[in-house]
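Asks: Need coordinates for the following:
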Amino acid sequence: MATRRLPVGSELSEGGAQFRVWAPAAQKVTVVLESPERREAALRPEDRGYHSLFVPNVAAGARYRFRLGDDQAVYADPASRFQPEGPFGPSQIVDPNDSAWTDAGWHGITEPHRQVIYEMHVGTFTREGTWTAAAEQLRFLADLGVTTIEMMPVNDYAGRRGWGYDGVNLYAPSRNYGTPGDLRKLIDRAHSIGLAVILDVVYNHFGPAGNSLFKFAPQYKHSERRANEWGDALNFDGKDSQAVREFFIANAGYWIEEFHFDGLRLDATQAIHDESKVHVLAEIVRRARAAAGTRQIYIVAENEPQDVRLLAPIESGGYGIDSLWNDDFEHTARVALTGVNDGYNHDYRGTPQEIVSALKHGFLYQGQVYAWQRNTRGTPSRGLPPASFVNCLENHDQVANTGYGDRLGAVSDTASFRAMTAVLLLAPQIPMLFQGQETGSMQRWNFFVDHDPELNKLVRHGRASFMAQFARLGTPEAQAALPDPSAGTTFDDCILEPELRDLTEPVVQLHRDLLRLRREHAVFTDQRPGVFDGALLSDHAFVLRWFGDDGRGDRLLLVNLGRTFREAVIPEPLLAPPLETGWKILWSSEHPNYSGHGTPEPFTVGRLAIPAHAAVLCAPDPSRWLRVEPSPPSGEQAPVDP
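Replies: This next block holds a predicted model:
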């Protein structure tokens, strides 16, 4: 038998195809070939509940399903590489070498701390909603300054539309977006213009519709743990868990190897329970890196409890993950911009102190009491480099969780949003943009699904119940106005407008200019301790400072989220310029190019002034030194205006 690439699934080999499936509950497994001609063959049982068979004269494109025992029902391959008719239809044999790769010179994400991530949902990124259409828009993202696309889950799921987090065919790129070959072409195109692509994967549950894995092996489901909030808990450490672990570990390597993805985003890792000696997440990370070979990949995780052990090296008992999403930054930034600290934003005030603390220290909650959960939350992140955290102002969850899918720009002050965009894109953490944010799109982003009527009803009820944690959205009138996740119009409202992808548009210029500054001024992404600092100036203003090696590379960002800031007495050393220099304006969020209203010089002998709702970036300039010679009379000789 030819060497297999994966432990399960169908694989082409000389003269035919090899089928292998894990079905410990079945005495007999039959492969039912449905096209191009119908025939059946019983698989041979192996140890540990596996069944396999080589079938001659089978080629790429053939469609098949499995029959378990003598039951007449047939099911898709649990490791199907493509489901052309969706989860309820037949699987299709795919040749993983069907694409001519041109990225042999691509080395992956070689400078992860300098990347700029862009979260993309393929189905709404273009009107066509396909990988082919998305590939045609990649040049815009590269010209903008994005370096890495984070693609929301592409594994197949039930229905014509969905976020992808309820996948059931974890090896099959969704037919809603095209073919596996189309996905490979998109990634090859991205690499050709300098864009990396990482994939969001979901290893904490299966979707509620179209999942046949439990038919093959009930052992996929943990027999003793309660279901999590999305579905049945998966069995990574119980009886017969070895094959379950193998299925998911191999899946991580599959996306890296066969599709040339540059890394993974691991969804909701707090729901992946494993008490084994080596956590399955560590094994997933190890396999993904091995599959990449000489390419450098990047792995980021979502973890609501904010457990930094995920970032520790595997050799030290950690999981070897590169970065974690920092929800604390997003939450406090959202409260700062909207004033709303409802629901799970309860423990944030959106103050300059919170923003500066999140930038200096990572998580805001590192083990202290978190009132919303009536418990402690978080772990100490002291000493971790800034790139251990991914910051954002918007992501797929946080926009949809406003209830009506309003973009942050639609519910906040426009000028303050520009200022916080500067904070996001210049801070030393890894910034992430959510699709449409870079163009100022006001298209809503809602949760959407497409199931049968009964399941649609349950989803509507579940979504409304979740939204009720926000007091405003729990009122009868608000609940009645929530968009129906199953309605086609809810999905249509989320489709982005390609005409806004114009580099001359003010919002686009804002992002492009900030990303150019981030790229050209290395101090912004310098990860060394002591390079970055920040301090409060008032209850609505703060300063961020980057220290270069010789002073000339220093940068100062003045941020004011309230009324005009004007003070004569400010004993804050971060405001002090390098020796015998002053500060000149390098960039301002209030530039008319961005629909701003101009920026007076912030520093004079008499005061520091920052425009209302603005961010002003300054650089050292000897010609702006404020020293006066000869010295004017001091306060001992003439009263100083208080």
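Asks: tell me the average confidence for stretch 134-144?
Replies: If you average the pLDDT over stretch 134-144, you get 98.
Asks: CA atoms only: put that stretch into CSV for me.
Replies: Backbone C-alpha positions of stretch 134-144 (Å, rounded to 0.1, in the frame of the first residue of the first chain) are rendered in CSV as follows:
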residue,chain,number,x,y,z
ALA,A,134,-11.5,37.5,-3.6
ALA,A,135,-8.2,36.8,-5.3
GLU,A,136,-8.9,39.7,-7.7
GLN,A,137,-9.1,42.1,-4.7
LEU,A,138,-5.9,41.1,-3.0
ARG,A,139,-3.8,43.8,-4.7
PHE,A,140,-5.8,46.4,-2.9
LEU,A,141,-5.0,44.9,0.5
ALA,A,142,-1.3,44.6,-0.3
ASP,A,143,-1.2,48.2,-1.5
LEU,A,144,-3.0,49.3,1.7
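Asks: Can you tell me what sits against it?
Replies: Contacts of stretch 134-144 from elsewhere in the structure, counted by Cβ atoms under 8 Å, 6 or more residues apart in numbering, are 118, 120, 122, 125-126, 149, 185-186, 189-190, 193-195, 438, 498, 501, 503, 508, 511-512, 515. No exception for glycine: its C-beta is placed from N, CA and C like everyone else's.
Asks: which residues of the stretch 451-600 of the chain fall in helices?
Replies: Here the stretch 451-600 of the chain has its helices, by DSSP state H, counting those that start in this stretch, at 453-467, 476-481, 488-492, 506-520.
Asks: could you say what helices and strands the last one packs with?
Replies: Read that as helix 506-520. Counting contacts by 3 or more Cβ pairs under 8 Å, 6 or more residues apart in numbering; DSSP states H and E, helix 506-520 packs against helix 138-144, helix 414-426, strand 582-588.
Asks: Which residues does it contact?
Replies: Residues outside helix 506-520 that contact it (Cβ under 8 Å, 6+ apart): 114, 116, 143-146, 418, 421-422, 425-426, 431, 433, 438-440, 500-503, 524-525, 586-587, 589, 593-595, 617.
Asks: can you check the first one too?
Replies: Applying Cβ under 8 Å, 6+ apart, the contact partners of helix 453-467 are 208-209, 401, 403, 447, 449-451, 473-474, 478-479, 482, 484-486.
Asks: What subset of those is buried?
Replies: By neighbour count, with 16 or more other Cβ atoms under 10 Å, these hold 208-209, 401, 403, 447, 449-451, 473-474, 478, 482, 484-486 as buried.
Asks: Which one of those residues is nearest to Asp240?
Replies: Checking the buried ones among the contacts of helix 453-467 against Asp240 with Cβ to Cβ, the nearest one is Pro208 at 23.4 Å.
Asks: do you know how far the closest one is from Val122?
Replies: Distance, Pro208 to Val122, using Cβ to Cβ, to the nearest Å: 22 Å.
Asks: again, but for Gln368
Replies: Looking at Gln368 against Val122, where the rule is Cβ to Cβ, the gap reads 40 Å.
Asks: of these two, who's got more company?
Replies: Set side by side, Gln368 and Val122 give different neighbour counts by other Cβ atoms under 10 Å, the larger being at Val122 (26 against 10).
Asks: ok, now which ones touch the more buried one?
Replies: With contact set as Cβ under 8 Å, 6+ apart, Val122 has these partners: Gly129, Thr130, Trp131, Ala134, Met151, Met152, Val154, Tyr177.
Asks: ditto for His540
Replies: The neighbourhood of His540, defined by Cβ under 8 Å, 6+ apart, consists of Pro352, Asn560, Leu561, Gly562, Arg563, Phe565.
Asks: repeat that with 6 Å
Replies: When contacts are counted by Cβ atoms under 6 Å, 6 or more residues apart in numbering, His540 touches Leu561, Gly562.
Asks: tally of neighbours for the closest residue to His613 other than its chain neighbours?
Replies: Taking Cβ to Cβ, 6 or more residues apart in numbering, and ignoring the residues beside it in sequence, His613 has Ala415 as its nearest neighbour in space, at 3.6 Å. Counted by other Cβ under 10 Å, the residues lying close to Ala415 total 21.
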